[in-house]
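Student: here is my input; please provide its structure:
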Amino acid sequence: MNPALPGRETPRSTAFKAADQLHAARGHERSGCVAEAMECYRAAITEAGKTSAWAVEAEALRRLAVLHHNRGEADAATDACSRSLDIARRNGDDALAAEALNVQALFALDRGDLEMARGIFDQALTLGGQFPELHARIEGNLGVLANVRGDLDAALGHYSRSLDAYRQAGHEHGCARAYHNLGMISGDRGQWVEADRYYEHSHQIAEHIGDLHLQGLCLLNHSEVHVARQQFDRAKSSAEQALAIFDQLGSQLDKPDVYRVIGTVYRETGRPALAESRFRSAIDLSASTGSVLSQAEASRELALLYQTMGRNQEALSLLNTAHGLFGRLDARVDLVDVGRKVAQLEETFLAVVRDWGQSIESSDTYTFGHCERVASYAERVARKIGLDEHQITTVRLGAYLHDVGKIRVPHEVLNKPGRLTNDQFEIIKMHPVWGVELLEAVEFPWDIKPIIRWHHEKYDGTGYPDRLRGDEIPLNAMIIGIVDVYDALTTTRSYRPAMTTKAAQVEMEKMRNSWRPDVYEAFCRTLAAEVASAQPLARAS
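Tutor: Numbers count the residues shown, from 1 in each chain. Below you'll find the model as predicted:
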């Protein structure tokens, strides 16, 4: 063997330098020195590329990809991870290939592409399942995916198997991550004591091994448990510590959720201006990094703030934005179940419109509760007709807001004790138009504006404001219209006492041509069923 010439590196010395750079990069990363870590990973990639140290090159590329991803540099992250996977496959290294696939799946999960994430995780598990630590890591990530999809039982199973595998392997860092994930699932189940214990175990290990990012995640997710338990001082303290860590690491992906938690604390402790600022920061950051789930959840929380401030139109706009974002996560309903979050969001929609409707009615003691009753009656009629759940939600929301335009009707007209003059009645007839104008800038996942505009139209063409006739009138609007009349007849008004149920039926029979025959029949069958069960649609008040 020829001796090496002075000043010239051998392939072996270059390989050692690549490994040293990789080791140094890992040390910088654990201590939170992200820029130094990235520089060392790039140096390791360069040195490894000069020789046959392909395993070092593949690992350095994968770890560099994760740092790019955490900084919101999606293109650079995707490119580095793809290069790592190509190198591993060319050299037949199943473990490194599975590691790269696992990271690619995590990227897809953060983008909200849950179907793709599941598919890639399955590939990684098939390829690398025989390697204990890798198997444990993929099980943990599958638990995260199941948690996002709302399958809490499956998530708990994945997390528990992950913890067992890490314990058997004596992998302290892996145990810390498994404890963190078990804290998350316990929090989702409302098991606060268990969540506290798991997060504390995870945080202690993360401090011991010097994993700053995991410390930040523990603090962030533990702060959400503190919020749920109304321990707002502890929540704010934990969230602010997490924010300092993520700021040090340059981890843009995690910061939106911290801002959301801090905003929630400010909202719940009566500091709306600060809450709005933090929620806006959460929305802007998550939008810039493409974190769909974080943006949807921050939008929902800001909408709840606007609801408490009476800014109902802004609240509804944000809820619509959140609904659309959740819809992007629910592209395949058979594979992706975000139903729990969407159901919570739709309950928030109902709460906002219900509160808004009640606030409008509060100026008139005679009609207070009218929208709530109309919503309840209309839902029952809609079910008799056979509408689906989406249409029934449309009917309920339309019922709550059908009279929103009355906010523009002068008080003395709205509460006049006697018969209205022709001019005053012309003002009243404008409230459907004004209602749609008030909501002009607000979009809904449900088509409720036709209900608001046309709930006073009649099948025979004598209604208002547009004198629609027959099937020109949307079915949902006609359902609201018929129960609106019934509630008006059976409740006390400023200009007359309430009718009995029987008297109201007689009166409505006289005007049955105002509604489609099937709508009138469904109403009558609903009323008959309610009377038979001693639960009439309305009680005189």
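Student: could you list the low-pLDDT ranges of the stretch 401-541 of the chain?
Tutor: The stretch 401-541 of the chain contains residues with pLDDT under 70 at 493-495, 532-541.
Student: gap between the helix or strand bottoming out on mean pLDDT in the chain and the chain center?
Tutor: The weakest-scoring helix or strand in the chain, judged by mean pLDDT, DSSP states H and E, is helix 339-361 (a mean of 75). Counting by CA atoms, centre = their mean, to the nearest Å, helix 339-361 is centred 15 Å from the centre of its parent chain.
Student: before we move on, what about stretch 82-93?
Tutor: The answer for stretch 82-93 is 36 Å, by CA atoms, centre = their mean.
Student: same deal with stretch 132-145?
Tutor: With CA atoms, centre = their mean, you get 24 Å for stretch 132-145.
Student: would you mark the buried spots in the one helix or strand Ala206 maps to?
Tutor: Ala206 is part of helix 192-209 when elements are defined by DSSP states H and E. Neighbour counts over helix 192-209 (16 or more other CB atoms under 10 Å) mark Ala195, Asp196, Tyr198, Tyr199, His201, Ser202, His203, Ile205, Ala206 as buried. To be clear about C-beta, it is placed using only N, CA and C from the backbone, and glycine gets the same treatment.
Student: contacts for it, please.
Tutor: 30, 172-173, 175-177, 179-180, 182-184, 186-187, 212, 214-215, 218-219, 221-222, 225, 228-229 (CB atoms under 8 Å, 6 or more residues apart in numbering).
Student: stretch 38-58 now?
Tutor: Everything outside stretch 38-58 that qualifies as a contact, by CB under 8 Å, 6+ apart, is 11-12, 14-15, 17-19, 21-22, 24-25, 28, 60-61, 63-64, 67-68, 84-85, 87-88, 90-91, 93, 96, 100.
Student: list the buried residues of it.
Tutor: For stretch 38-58, by 16+ other CB under 10 Å, it's 38, 40-45, 47-49, 51, 53-58.
Student: which ones among the contacts of stretch 38-58 map onto helices?
Tutor: 11-12, 14-15, 17-19, 21-22, 24-25, 28, 60-61, 63-64, 67-68, 84-85, 87-88, 90, 96, 100 (DSSP state H).
Student: among the residues you listed, which ones are buried?
Tutor: For those, buried by 16+ other CB under 10 Å: 14-15, 17-19, 21-22, 24-25, 28, 60-61, 63-64, 67-68, 84-85, 87-88, 96, 100.
Student: before we move on, the earlier item: using CSV, lay out the buried residues of helix 192-209 together with distance to Asn320 and pLDDT.
Tutor: Converted to CSV, the buried residues of helix 192-209 look like this (distance: CB to CB, whole Å; pLDDT from 0 to 100):
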residue, distance to Asn320, pLDDT
Ala195, 32, 96
Asp196, 36, 95
Tyr198, 36, 96
Tyr199, 34, 97
His201, 41, 96
Ser202, 37, 97
His203, 38, 97
Ile205, 42, 96
Ala206, 39, 96
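Student: now the angle from the very next helix or strand once past the helix holding Ala206 to helix 192-209?
Tutor: Later in the chain than helix 192-209, the nearest helix or strand by DSSP H and E is helix 212-228. If you take axes from the mean of the first three to the mean of the last three CA atoms, to 10 degrees, helix 212-228 sits at 160 degrees to helix 192-209.
Student: re the thing from before, show me the contact partners of the least confident helix or strand of the chain.
Tutor: 150, 296-297, 300, 303-304, 307, 310, 312, 315-316, 319, 322-323, 326, 330, 367-372, 375, 393, 396-397, 400-401, 403-404, 406-407.
Student: try 7 Å
Tutor: 150, 300, 303-304, 307, 312, 315-316, 319, 322-323, 326, 330, 367-368, 370-372, 393, 396-397, 400-401, 403-404, 406-407 (CB atoms under 7 Å, 6 or more residues apart in numbering).
Student: drop anything exposed from these.
Tutor: 150, 300, 303-304, 307, 312, 315-316, 319, 322-323, 326, 330, 367, 370-372, 393, 396-397, 400-401, 403-404, 406.
Student: just those residues: which are in helices?
Tutor: Checked against DSSP H, those include these in helices: 300, 303-304, 307, 312, 315-316, 319, 322-323, 326, 370-372, 393, 396-397, 400-401.
Student: which positions within stretch 242-251 qualify as buried?
Tutor: Across stretch 242-251, burial judged by 16+ other CB under 10 Å covers Ala242, Leu243, Ile245, Phe246, Leu249, Gly250, Ser251.
Student: let's see which of those end up in helices.
Tutor: Those of the buried residues of stretch 242-251 lying in helices (DSSP H): Ala242, Leu243, Ile245, Phe246, Leu249.
Student: and the closest residue to the third one other than its chain neighbours, what pLDDT?
Tutor: The shortest distance from Ile245 to any non-neighbouring residue, by CB to CB, 6 or more residues apart in numbering, is to Gly216 (3.7 Å). Reading off the per-residue confidence, Gly216 sits at a pLDDT of 96.
Student: show me what contacts Gly216?
Tutor: Ala242, Ile245, Phe246, Asp254 are the contacts of Gly216 under CB under 7 Å, 6+ apart.
Student: farthest pair in these?
Tutor: Ile245 and Asp254 (8.7 Å; CB to CB).
Student: lovely, talk soon.
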